[in-house]
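Trainee: Sequence first, then the predicted structure:
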Amino acid sequence: MTATTHDDHHDHGPAKGIMRWITTTNHKDIGTLYMITALIMFFVGGAMALVIRAELFEPGMQYVDPLFFNQMTTLHALVMVFGAVMPAFAGLANWMIPMMIGAPDMALPRMNNWSFWILPFAVCLLASTLFMEGGAPSAGWTLYPPLVLQGGNNLPFAVFSVHLLGISSIMAAINIIVTVFNMRAPGMTWMKLPMFVWTWVITAFLLIAIMPVFAGAVTMLLTDKFFGTSFFNAAGGGDPVLYQHLFWFFGHPEVYVLILPSFGVVSQIIPTFARKPLFGYSSMVYATASIGLLSFIVWAHHQYTVGMPIQGELYFTYATMLIAVPTGVKVFNWLATMWKGAMTFETPMLFAIAFVVLFTMGGFTGLMMSISPADLQYHDTYFIVAHFHYTLVTGAVFAILAAVYYWLPKWTGYMYDERLGKLHFWLTTISVNVCFFPQHFSGLAGMPRRIPDYAVQFAEFNAMSSVGAFVFGFAQLILAYVVIQSIRGGDKATDEVWEGAKEHGLEWQLPSPPPYHTWTTAPDIK
Ligand code: CU1
């Protein structure tokens, strides 16, 4: 402000400096803000994971006390889900959806600003519980009662943070739905929508349906703790299992919120680098919609051990297995797209192919767990941890990494360093498997999840897992370096990497306007 002159206050041009970012209503700026937030939170949540893996490197208690360990498992998950992966997809949506459908911006640009700016405050509020007396919530990301009610006074702060995160994602979802329904360029019919747009529209409906359920469930926790209700308290006529039903009615579709946009990303990238149109476009659309619908009717597969009636266990087993059908359709379509294609293996394609292989493995272990009698052995073991990290790390995170490498030149105007990108890919892919593959075995052998110490027979698998985790964590510094390097300049981006996409007319229908509201009337849409 030192150089500010009197005249500057009469300048009604676009806001500059920090004010630009605080007041922006431009979809590209907001997309960038989401992506940067996601990247920072990826490192914050990652640091928490490394605390966990450091403690588990060998049996016995080394670095942290059990309470802090449990706070780390809880916050790692919440930060990664709500602070890293969801914001990353919101960032991709903001950047790409208007451009992909030929719209000048999101439909509700001011609400867009609000839905972003709630997010960092909500995540900080959640993280601030770490510094309160009694520390952060420590009952796991599911916040199950009665354990979560035993914590200190972190509960109201965690619950309010969940409310804010819910408001933020509902507003983002409304914005995406309104944009895609109302602002498609002439000729952009539903069955011409790029797959990334389709997957996000379906995801947005999921978000609007589930976030209020989660908000309601955690509010009931709050009234149980502070207002004398007994929703989840058996002594007062309530039932803790009710919370599990409410949580997973939210929680299962929530994990599809993390994976459906990943499917969209991969469906954009594979055709580009295989130089063939996406195989089975309409079956991809219908498969995504069926996965979205099915995600609402399988929730109790997370709670086979609570003592459900046998009919319930059978129903949830069969319903869950049904999801493998549309998911299989997608995997075969990606393979058929690559079949006899003129494939090249740039970094985005490497991450996309690794996604197809490794996410499918997470899908197979999911199928194993869907079988209720077998799940009694897997429940609450490291097998579950291995399963969902294959779906969410080599699934969702790999799709985000693929998308970042794919679209970074579009965002910054400069090419990323292909050599460093490949190095990042191989280090990431090898280390992530060293980290999570052994957890299948320790889990099947009975090692429980969310514990700071374990029996000595699990020592080798845990040591391997920790080594993999640290290599994985430090390999992500390459990503940060590549991103910063590409923002700062270098070789101008060419059309090279988007050639395939252009040929098949799926992308870049229109250039999107520059990142300020510099026009006074609506821009021409040709
Ligand atoms: Cu589930």
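Mentor: Looks like it came in fine. Numbers count the residues shown, from 1 in each chain.

Trainee: going forward, measure contacts between C-alpha atoms and count neighbours the same way
Mentor: OK.

Trainee: lowest-confidence helix or strand of this structure?
Mentor: helix 499-503 (a mean of 50; mean pLDDT, DSSP states H and E).

Trainee: Settle this for me: Ser115 is touching Ala173, isn't it.
Mentor: No - using CA atoms under 8 Å, Ser115 is not in contact with Ala173; the gap is 9.6 Å.

Trainee: who has more neighbours, these two?
Mentor: Ranked by neighbour count (other CA atoms under 10 Å), Ser115 and Ala173 place Ala173 first, with 25 against 22.

Trainee: what comes up buried for the helix or strand where the more buried one lies?
Mentor: Per DSSP states H and E, Ala173 falls inside helix 154-182. Neighbour-count burial for helix 154-182, with 16 or more other CA atoms under 10 Å as criterion, is recorded at 154-177, 179-180.

Trainee: for it, packing partners?
Mentor: Packing contacts for helix 154-182, counted by 3 or more CA pairs under 8 Å, 6 or more residues apart in numbering; DSSP states H and E, involve helix 86-101, helix 109-128, helix 195-226.

Trainee: Of these, which stretch is the most buried?
Mentor: Greatest average neighbour count among the helices and strands packed on helix 154-182 goes to helix 86-101 (a mean of 26), per mean count of other CA atoms under 10 Å.

Trainee: neighbouring contacts of that helix?
Mentor: Helix 86-101 has contacts (CA atoms under 8 Å, 6 or more residues apart in numbering) with 27-28, 30-35, 37-39, 104-106, 172, 176, 179-180, 183-185, 188, 193-194, 196-197, 200, 257-258, 261, 400, 403, 506-512.

Trainee: Type out the ChimeraX command that picks the buried ones from the residues you listed.
Mentor: Entered in ChimeraX, the line below selects the buried ones among the contacts of helix 86-101, by 16+ other CA under 10 Å:
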select :27,28,30,31,32,33,34,35,37,38,39,104,105,106,172,176,179,180,183,184,185,193,194,196,197,200,257,258,261,400,403,506,507,508,509,510,512
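
Trainee: tell me the mean pLDDT for the longest helix seen in the chain?
Mentor: Counting by DSSP state H, the longest helix found in the chain is helix 240-274. Helix 240-274 shows a mean pLDDT of 95.

Trainee: Specify the angle between that helix and helix 195-226 in degrees.
Mentor: Angle between the axes of helix 240-274 and helix 195-226 is 160 degrees (criterion: axes from the mean of the first three to the mean of the last three CA atoms, to 10 degrees).

Trainee: What is helix 240-274 packed up against?
Mentor: Helices and strands touching helix 240-274, as assessed by 3+ CA pairs under 8 Å, 6+ apart, comprise helix 86-101, helix 195-226, helix 281-294, helix 324-338, helix 347-370, helix 398-412, helix 499-503.

Trainee: how about the ones you listed in TSV, adding distance to Tyr454?
Mentor: Converted to TSV, the helices and strands packed on helix 240-274 look like this (distance: least, CA to CA, whole Å):
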stretch	distance to Tyr454
helix 86-101	32
helix 195-226	31
helix 281-294	37
helix 324-338	34
helix 347-370	23
helix 398-412	30
helix 499-503	50
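
Trainee: Comparing these by mean pLDDT, which bottoms out?
Mentor: Ranked by mean pLDDT, the helices and strands packed on helix 240-274 end with helix 499-503 in last place, scoring a mean of 50.

Trainee: Just give the nearest non-adjacent residue to Ala287, would you?
Mentor: With CA to CA, 6 or more residues apart in numbering as the criterion, Ala287 has its nearest non-adjacent residue at 4.7 Å, and that residue is Pro326.

Trainee: The one you found and Tyr286, how far apart?
Mentor: Plainly put, Pro326 is 8 Å away from Tyr286 if you go by CA to CA, to the nearest Å.

Trainee: the more surrounded of these two?
Mentor: The neighbour comparison of Pro326 against Tyr286 (other CA under 10 Å) goes to Pro326, with 19 against 15.

Trainee: Counting neighbours, which bits of the helix or strand where Thr74 lies end up buried?
Mentor: Thr74 belongs to helix 66-78 when assigned by DSSP H and E. By 16+ other CA under 10 Å, the buried positions in helix 66-78 come out as 66-78.

Trainee: Report the contact partners of Met343.
Mentor: Each residue near Met343 by CA under 8 Å, 6+ apart is listed here: 273-275.

Trainee: switch the cut-off to 10 Å
Mentor: When contacts are counted by CA atoms under 10 Å, 6 or more residues apart in numbering, Met343 touches 270-276, 349.

Trainee: Isn't Cys435 up against Ala49?
Mentor: No - using CA atoms under 10 Å, Cys435 is not in contact with Ala49, being 11.4 Å away.

Trainee: picking that back up, what's the helix holding Thr74 packed up against?
Mentor: For helix 66-78, the packing partners by 3 or more CA pairs under 10 Å, 6 or more residues apart in numbering; DSSP states H and E come out as helix 27-55, helix 109-128.

Trainee: how about low-confidence regions in the stretch 1-150 of the chain?
Mentor: 1-13 (pLDDT under 70).

Trainee: Could you rerun that using 50?
Mentor: 1-8 (pLDDT under 50).

Trainee: any idea how far Gly45 is from the spatially most central residue of the chain?
Mentor: For the chain, the residue nearest the mean C-alpha position is Val85 (2.7 Å; CA atoms, centre = their mean). Separation of Val85 from Gly45 (CA to CA) stands at 11 Å.

Trainee: shared neighbours, those two?
Mentor: Common contact partners of Val85 and Gly45 (CA under 10 Å, 6+ apart): Val79.

Trainee: if I look at the closest residue to Ala122 other than its chain neighbours, how far off is Leu408?
Mentor: Nearest non-adjacent residue to Ala122, counting by CA to CA, 6+ apart: Ser161, 4.9 Å away. The spacing between Ser161 and Leu408, counted by CA to CA, is 31 Å.

Trainee: Ok, Gly187 next?
Mentor: Gly187 sits 28 Å away from Leu408, going by CA to CA.

Trainee: just to revisit the earlier point, any common contacting residues for Ser115 and Ala173?
Mentor: In terms of CA under 10 Å, 6+ apart, Ser115 and Ala173 are both contacted by the residues Ile167.

Trainee: hang on, Lys28 packs against Asp105?
Mentor: Yes - in this structure Lys28 lies within contact range of Asp105 using CA under 10 Å: 8.4 Å.

Trainee: Compute the inter-axis angle for the helix holding Ala173 and helix 66-78.
Mentor: Helix 154-182 runs at 10 degrees relative to helix 66-78, counting by the same axes, to 10 degrees.

Trainee: what is the rounded mean pLDDT of helix 154-182?
Mentor: Averaging pLDDT along helix 154-182 gives 96.

Trainee: Same check on stretch 430-440?
Mentor: Mean predicted lDDT for stretch 430-440 stands at 98.

Trainee: same thing with stretch 465-478?
Mentor: 98.

Trainee: buried stuff in it?
Mentor: So, applying 16+ other CA under 10 Å, buried residues of stretch 465-478: 465-473, 475-476, 478.

Trainee: same check, this time on stretch 285-292
Mentor: Buried residues in stretch 285-292, defined by neighbour count with 16+ other CA under 10 Å: 285, 287-292.

Trainee: got the contact list for Glu313?
Mentor: Taking CA under 10 Å, 6+ apart, we find Glu313 in contact with 300-301, 303-305, 307, 319, 370-373.

Trainee: Secondary structure class of it, three-state.
Mentor: Taken by DSSP: H, G, I helix; E, B strand; the rest coil, the conformation at Glu313 corresponds to helix.

Trainee: quick one, what contacts Gly17?
Mentor: Counting by CA under 10 Å, 6+ apart, Gly17 makes contact with nothing.
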